[in-house]
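S.K.: Output the structure for:
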Amino acid sequence: MNLNRYMNLLIPIIAIILGLVCGAIIMLVSGYDPIAGYSALWYGIFGESYYIGETVRQVTPYILTGLAVAFAFRTGLFNIGVEGQVIVGWLAAVWVGIAFELPMIIHLPLAIIVAGLAGALWGFIPGFLKARFKVHEVIVTIMMNYVALHVTNALIRDVITDNADKTEKVLPSASLRSEFFENITDFSRMHFGIFIALIAAFLMWFLLEKTTKGYELRAVGFNHDAAHYSGMNVNKNIILSMVISGAFAGVAGAMEGLGTFEYVSVKGGFTGIGFDGIAVALIGGNTAIGIIFAAALFGGLKIGALNMPSEAGVPNELVEIVIALIIFFVASSYFIRWILLRFKKEGK
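M.R.: Numbers count the residues shown, from 1 in each chain. So this is what the prediction gives:
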């Protein structure tokens, strides 16, 4: 095996193992049984059909927010505004879902498309400011998160509803809810959105790896000056990258608004889905297939953690520590890479 070729695969796996080991040590030091804790975590993911359904439901938006972060990163941009783009996509999808009465074949795709467009618009603003005025996208996207949170809250209270804290449920013709999945997963909230997320992952892979435009976008990400001197429109590609990234995030919001909850409510804070997408993209190596596996890991940890206090008496906050440690070790990939290369040299 060529170690350099598989380095990008080995590092996340090693990071996950180290995170779990360190989590076990923390449990021991804190007076908890790590075997019982991880057994409860495992059971909370795979122990019952309901847990499996809820895990898949949680994985769905994580795939899409991971794609949103990764797409921007692969093209040289850091989209911290995925959270805000999720929120505006969520609102847009629910608004279409309750405002129009249409056949499902039109209504559901329309709601998802509008959610994607809302997220794309929220991504366009920092992309335009970056391209036109060289304003750093990290600063703008962070601010846009707060704008999204408070603007959507105001629209829910004063425009969509009559001073209520949440909307009505979307019409059945705009819902991603699945009676089939409910029946086989003991009435979990698993819905058809998982297929949309997997299709989105394929589209990202195909666009970046198999199209001329994807090559342009990646070239701009590698080196703006080289791309400019080769005749590429750098500013246009920066904007397009942020728009596509925002569209992925907007669709993630639609998964929550049309599938998991079927309504949108006033939020006291951020959902966390967009911010978790950053970690998903990081662990997934910013590749489509890697993001699917990383989202499965995150979704499983989030849902499985809910079972730890009741089954093993372990606070589910310890799972957050494990996740943080995994991210830390992935971020420390240079150190892991150095260790692997040392082992390779000693093995010769």
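S.K.: What is the subsequent helix or strand relative to the longest helix along the chain?
M.R.: Secondary structure of the chain per DSSP state H: the longest helix is helix 104-133. Next helix or strand after helix 104-133 toward the C-terminus (DSSP states H and E): helix 137-155.
S.K.: how far is that next one from where the chain is centred?
M.R.: With CA atoms, centre = their mean, to the nearest Å as the basis, helix 137-155 stands 18 Å off its chain's centre.
S.K.: for the chain, which residue is closest to the average position?
M.R.: Geometric centre of the chain, nearest residue: residue 65, 2.5 Å, by CA atoms, centre = their mean.
S.K.: Quick check: pLDDT value at that one.
M.R.: The per-residue pLDDT reported for residue 65 equals 98.
S.K.: Please list all residues in contact with the residue nearest to it when sequence neighbours are not counted.
M.R.: Leaving aside its sequence neighbours, residue 65 sits nearest to residue 277 (CB to CB, 6 or more residues apart in numbering; 2.7 Å). For every residue, glycine as well, the C-beta is placed using N, CA and C. Listed by CB atoms under 8 Å, 6 or more residues apart in numbering, the contact partners of residue 277 are 62, 64-66, 68-69, 82, 249, 252.
S.K.: Can you lay out the residues you listed as JSON lines showing distance to residue 203 and secondary structure?
M.R.: JSON lines is the format used below for the contacts of residue 277 (distance: CB to CB, whole Å; DSSP: H, G, I helix; E, B strand; the rest coil):
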{"residue": "62", "distance to residue 203": "17", "secondary structure": "helix"}
{"residue": "64", "distance to residue 203": "11", "secondary structure": "helix"}
{"residue": "65", "distance to residue 203": "15", "secondary structure": "helix"}
{"residue": "66", "distance to residue 203": "14", "secondary structure": "helix"}
{"residue": "68", "distance to residue 203": "12", "secondary structure": "helix"}
{"residue": "69", "distance to residue 203": "16", "secondary structure": "helix"}
{"residue": "82", "distance to residue 203": "17", "secondary structure": "helix"}
{"residue": "249", "distance to residue 203": "14", "secondary structure": "helix"}
{"residue": "252", "distance to residue 203": "14", "secondary structure": "helix"}
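S.K.: related to what we said a few turns ago, report the separation between the residue nearest to the centre of the chain and residue 114.
M.R.: Look at residue 65 and residue 114: by CB to CB, to the nearest Å, they are 18 Å apart.
S.K.: Ok, residue 8 next?
M.R.: 36 Å.
S.K.: Comparing the two, which shows the higher neighbour count?
M.R.: Between residue 8 and residue 114, counting by other CB atoms under 10 Å, residue 114 is the more crowded of the two (18 against 14).
S.K.: where does the more buried one land on pLDDT?
M.R.: 98.
S.K.: So it sits against residue 94, correct?
M.R.: No. Applying CB atoms under 8 Å, one finds residue 114 not in contact with residue 94, separated by 10.1 Å.
S.K.: what's in contact with stretch 157-172?
M.R.: 91, 93-95, 97-98, 101, 104, 107, 111, 156, 175, 257-258, 262-266.
S.K.: Compute the first-to-last residue distance for that stretch.
M.R.: Its first and final residues considered, stretch 157-172 spans 23 Å by CA to CA, to the nearest Å.
S.K.: Let me know the average pLDDT across it.
M.R.: Stretch 157-172 comes out at a mean pLDDT of 95.
S.K.: Okay, buried residues for it please.
M.R.: Buried residues in stretch 157-172, counted by 16 or more other CB atoms under 10 Å: 160-161, 166-167, 170-171.
S.K.: residue contacts, the residue nearest to the centre of the chain?
M.R.: Counted by CB under 8 Å, 6+ apart, residue 65 has contacts 82, 86, 248-249, 252, 273-274, 276-277, 280.
S.K.: Kindly recompute the last result at 6 Å.
M.R.: Neighbour list for residue 65: 82, 249, 252, 273-274, 277 [criterion: CB atoms under 6 Å, 6 or more residues apart in numbering].
S.K.: same deal with residue 61?
M.R.: Residue 61 neighbours (CB under 6 Å, 6+ apart): 252, 255-256, 273.
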